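Student: Compute the structure for the input listed below.
(one chain, ligands or ions: 1)
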Amino acid sequence: MSEYVFESLEKTLETHIPGAELKEIKRILYGKELRKLILPQTALDAALERDFDLQGYVFEAAPEQLRAPSAVRVGLIQNKIILPTDAPVLDQITALHKRVGEIVEVAAICGVNVVCFQETWTMPFAFCTREREPWTEFAESAEDGFTTHFCQELAKKYNMVVVSPILERDEIHGGTLWNTAVVVSNTGTVLGKSRKNHIPRVGDFNESTYYMEGNTGHQVFQTQFGKIAVNICYGRHHPLNWFMYSMNGAEIIFNPSATVGALSEPMWSVEARNAAIANHCFTCAINRVGVEYFKNEFTSGDGKKAHHDFGHFYGSSYVAAPDGSRSPGLSRTQDGLLVAELDLNLNRQIADKWNFKMTGRYDLYAEELTKAVQHAFKPNIVKE
Ligand SMILES: NC(=O)NCCC(=O)O
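Tutor: Residues are numbered from 1 along each chain as shown. The predicted structure is shown next:
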C-alpha cells in the first residue's frame with residue numbers, strides 16, 4: 001500500500017477488525033468512546049458535493065451542581081493548495097480564500113463557534129525552497145491584510161472566532177516576516193496575534209531562512225467562547241511551550257501545522273494529546289494535506305538527489321481532551337472539517353482528579369532552570 005493512497009488508520013481498522021475487538025482497540029487507542037455529533041443533513045450534503053471529509057464528535061463532562069455545562073464547538077480545517085505553485089500569487093491566495101470560505105460556510109451550518117485553519121494557509125509551504133521570490137509576496141499585515149479582512153467578514157457573517165495562521169509582514173518593524181496566527185473575534189475585531197515561538201531546523205523545513213522566533217510570548221485570548229491560545233506547528237515538540245499557554249489560562253490550544261509523513265507521523269498522534277493530558281486542557285492539531293510541487297528543485301543537505309516536492313502532508317487533524325481521550329483523525333488524503341463540541345468543564349474536573357497543576361513543582365523547576373541557562377552552569381551530577 002503506497003503512502004499516498006493510505007486514507008486513514010481509522011478506515012483501515014473499521015474495514016479489517018471485527019466489532020468486539022474494534023471496540024477494545026479503539027478504547028485503548030483513543031480513550032473513552034466519544035458520542036458522534038449529529039450534523040445537519042445540509043452540511044453532510046455540502047461536504048459530499050464540495051469533496052471534503054466532515055466528521056463531528058462530542059467531548060462530554062460530568063454534570064455539576066454549581067456550574068452549567070460550558071459547551072463550545074470548534075472547527076478544524078485541513079486542505080490542499082488549489083492552484084499550481086507557479087500560478088500568480090494573488091490567484092493562489094484568492095483560490096484558497098474561496099475553498100476555505102466554502103468549508104467555513106459548512107462549519108457555520110454545524111454551529112461552529114471557533115474555527116482554526118492550517119499553518120500559513122494562504123500559500124504553499126514553500127520554505128523548503130529557500131528562495132525568496134515569489135514566496136515573500138504572500139506575506140500580509142496581520143492587522144490590515146487582504147486575508148485578515150476576509151476573515152473579519154467570515155467572523156461577522158457567522159458569529160465565529162477565526163484563527164488565521166498566515167505569513168505576516170510587519171511594516172512597523174522594517175517589513176520583517178513572521179509566522180503568525182491572527183485571532184479575529186466573532187465581532188470581526190482583530191483580537192490579537194500569536195507568533196510561532198520555535199522555528200524548525202529539520203528536514204526541508206528551512207523556515208529559519210525567512211523569519212525568526214516569535215516575540216509575542218504565550219498570549220491567551222479571552223473570546224466569548226472560552227480562553228484560546230495558538231501553539232504553531234513545531235512548538236508542539238516543546239512541552240514547555242504548551243505549558244506556558246496553559247499557565248496563562250488557555251482552555252483550548254490550537255496547533256496549526258504543516259508536517260510530512262516521512263518526518264513526523266509517528267509523533268503526530270502523541271504530542272498534542274500528551275499536551276492536553278499534561279495541561280488539563282483541550283488541544284486541536286491541524287495539518288495540511290497533499291503534495292506540493294515546486295518548479296525549481298532543492299536539496300535536503302543529506303547527499304540525496306535534488307527534488308521538487310516536500311513529500312506528503314498527511315492531514316489527520318484531531319482533537320484531544322484532558323482525560324486522554326481523542327477524536328479520530330480526519331483523512332490523510334482529503335480536505336476536511338472536524339467539528340468537535342467540547343464541554344470546557346472537563347478541564348477543571350480532570351485537574352481536580354489528577355492534580356497535575358497542584359503537584360507540579362514549578363518553584364523547583366524555575367529555580368533549577370534559572371541556574372541551567374547560565375553560562376557557568378554545572379550539571380547536578382553526583383559522582384563516586
Ligand atoms: N511547519 C513546521 O514547523 N514543521 C516542522 C516539522 C514538524 O514539526 O513536524
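Student: show me what contacts residue 360?
Tutor: For residue 360, the contact set (CB atoms under 8 Å, 6 or more residues apart in numbering) is empty. C-beta here means a position set from N, CA and C on the backbone, and glycine is covered the same way.
Student: Extract the residue ranges of the chain that are flagged as low pLDDT.
Tutor: 1-5 (pLDDT under 70).
Student: Quick one: name the residues of it near the ligand.
Tutor: Residues of the chain lying close to the ligand (CB under 6 Å from any ligand atom) are 119, 200, 202, 205, 233-234, 257-259, 263-264.
Student: Using TSV, lay out these together with secondary structure and distance to residue 75.
Tutor: Below are the residues of the chain next to the ligand laid out as TSV (DSSP: H, G, I helix; E, B strand; the rest coil; distance: CB to CB, whole Å):
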residue	secondary structure	distance to residue 75
119	coil	16
200	coil	26
202	coil	29
205	coil	26
233	helix	19
234	helix	23
257	strand	16
258	coil	18
259	coil	20
263	helix	26
264	helix	23
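Student: Now which of these would you call buried?
Tutor: 119, 200, 205, 233-234, 257-259, 263-264 (16 or more other CB atoms under 10 Å).
Student: Among these, which pair sits farthest apart?
Tutor: Greatest spacing in these, by CB to CB: 119 and 263 (14.5 Å).
Student: wait, isn't residue 259 in contact with residue 315?
Tutor: No: the criterion here is CB atoms under 8 Å, and residue 259 misses it with residue 315 at 10.2 Å.
Student: Common neighbours of these two, please.
Tutor: Contact with both residue 259 and residue 315 is made by residues residue 287, according to CB under 8 Å, 6+ apart.
Student: quick one, helices of the chain?
Tutor: 9-16, 19-30, 41-49, 89-109, 146-158, 239-247, 261-279, 345-354, 356-359, 362-372 (DSSP state H).
Student: Just the buried residues of the longest one, please?
Tutor: For helix 89-109, burial by neighbour count (16+ other CB under 10 Å) applies to 92-94, 96-97, 99-100, 103-104, 106-109.
Student: tilt between that helix and helix 146-158?
Tutor: Going by axes from the mean of the first three to the mean of the last three CA atoms, to 10 degrees, helix 89-109 is angled at 20 degrees with respect to helix 146-158.
Student: so helix 89-109 versus helix 41-49, what angle?
Tutor: 150 degrees.
Student: helices or strands up against helix 89-109?
Tutor: helix 41-49, strand 71-78, helix 146-158, strand 336-343 (3 or more CB pairs under 8 Å, 6 or more residues apart in numbering; DSSP states H and E).
Student: partners of the last one in the sheet?
Tutor: What that stands for is strand 336-343. strand 53-59 (parallel), strand 71-78 (antiparallel) (DSSP bridges).
Student: want to throw those strands into JSON lines with mean neighbour count and distance to residue 143?
Tutor: Below are the strands paired with strand 336-343 laid out as JSON lines (neighbours: other CB atoms under 10 Å; distance: least, CB to CB, whole Å):
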{"stretch": "strand 53-59", "mean neighbour count": "21", "distance to residue 143": "32"}
{"stretch": "strand 71-78", "mean neighbour count": "25", "distance to residue 143": "22"}
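Student: Make a markdown table out of those and add distance to residue 227.
Tutor: Formatted as a markdown table, the strands paired with strand 336-343 follow (distance: least, CB to CB, whole Å):
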| stretch | distance to residue 227 |
| --- | --- |
| strand 53-59 | 17 |
| strand 71-78 | 10 |
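Student: Indicate which one of those strands is closest to residue 380.
Tutor: Residue 380 lies closest to strand 53-59 among the strands paired with strand 336-343, at 40.8 Å (CB to CB).
Student: can you list contacts of the closest one?
Tutor: With contact meaning CB under 8 Å, 6+ apart, strand 53-59 is reached by 34-39, 43-44, 47, 106, 110, 282, 319, 321, 325, 327-328, 330-331, 334-343, 346.
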